[in-house]
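K.L.:
The following comprises the amino acid sequence and a computationally predicted model.
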Amino acid sequence: MHDTTVPRDPVRILLVDDHRVFADVLAMRLRLEDGVESVETAHHLDQALVLASRLRVHVVVLDHDLDGERGTDLVRRLDGLDPPPRVVMLSAWDDPAVVVDALRAGASGWVLKGGQVEELLTAIDDCVAGDAYLSRRLRRPVLQELLSAREPTHEPSFLDNVSGRQLDVLRCLVAGLSRAETGARLFISSNTVRTHVQNLLRTADVHSTLELVSRARRLGVPGIDEEPSP
């Protein structure tokens, strides 16, 4: 797929969409990419869950609306696999509340249909690397939706279990730095940043860096160049 600073093993992809022609054409296109081991298709939730488990796919590209079935329901079921695949939603839906629901269910990204295949490839790359991805048009409204959500009562405690270096990484994320920029800023490798981010996600009990950053901002975590509040 796209060039990255850290080489990764070829990925196995499951494409889930009830529009069979669309799914077949997109699958053919994705199979042409270097770094893609295989692309299989499914057209409803039960079939997708069986294939994802049997094929041990790394990424599920999933439509939100599958002929009356909700893709988000599959996201929650996929989280029970060992290991769970990354999920990239590929949908025409742009309702921020729907996107946030998918992220909280465990999706790592949301790509709007109608864009270039290259955007989907970027999203897959980012999500396999442990990052999150949102189409540009969704970023502001989704962040606003996350910020307006009611604060869970247990949320503040996660910062008590964050190390000093993890807090530095979190502050870089709050400032909008990418993984590579965070590594350069803190003089650590991208792999080390990725490990810290994965640990932060686990500690905060969230599934995406976007939700992690949203929680951190609500808790008053400053960006890396900002002075902490007294």
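P.N.:
Structure's in. What do you need?

K.L.:
what about the closest residue to Arg185 other than its chain neighbours, how many neighbours?
P.N.:
Excluding the flanking residues, the one nearest Arg185 by CB to CB, 6 or more residues apart in numbering is Cys172, at 5.9 Å. For every residue, glycine as well, the C-beta is placed using N, CA and C. Counted with other CB atoms under 10 Å, residues neighbouring Cys172 total 24.

K.L.:
what's near enough to touch Cys172?
P.N.:
Shown in contact with Cys172 (CB atoms under 8 Å, 6 or more residues apart in numbering): Glu181, Thr182, Arg185, Leu186, Gly223, Ile224.

K.L.:
In TSV: the residues you listed, plus pLDDT and distance to Asp46.
P.N.:
Shown next, in TSV, are the contacts of Cys172 (pLDDT from 0 to 100; distance: CB to CB, whole Å):
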residue	pLDDT	distance to Asp46
Glu181	88	42
Thr182	92	40
Arg185	94	46
Leu186	95	45
Gly223	89	44
Ile224	92	45
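
K.L.:
So which of these belong to helices?
P.N.:
Members of those lying in helices (criterion: DSSP state H): Glu181, Thr182, Arg185, Leu186.

K.L.:
Which of the three states applies to the residue nearest to Arg185?
P.N.:
Assigned with DSSP: H, G, I helix; E, B strand; the rest coil, Cys172 falls in the helix class.

K.L.:
how close does it sit to Val36?
P.N.:
Computed as CB to CB, to the nearest Å, the Cys172 to Val36 distance reads 30 Å.

K.L.:
Identify the residues contacting the closest residue to Leu103 other than its chain neighbours.
P.N.:
What sits nearest to Leu103 in space, not counting adjacent residues and going by CB to CB, 6+ apart, is Ser208, at 4.9 Å. Each residue near Ser208 by CB under 8 Å, 6+ apart is listed here: Leu103, Ala107, Ser108, Gly109, Ala132, Leu201.

K.L.:
repeat that for 6 Å
P.N.:
The contact partners of Ser208, taken as CB atoms under 6 Å, 6 or more residues apart in numbering, are Leu103, Ser108, Ala132.

K.L.:
again with Val174
P.N.:
Val174 sits next to Val213, Ala216, Val221, Gly223 when contact means CB under 6 Å, 6+ apart.

K.L.:
what does Arg171 give?
P.N.:
Counting by CB under 6 Å, 6+ apart, Arg171 touches Gly223, Ile224.
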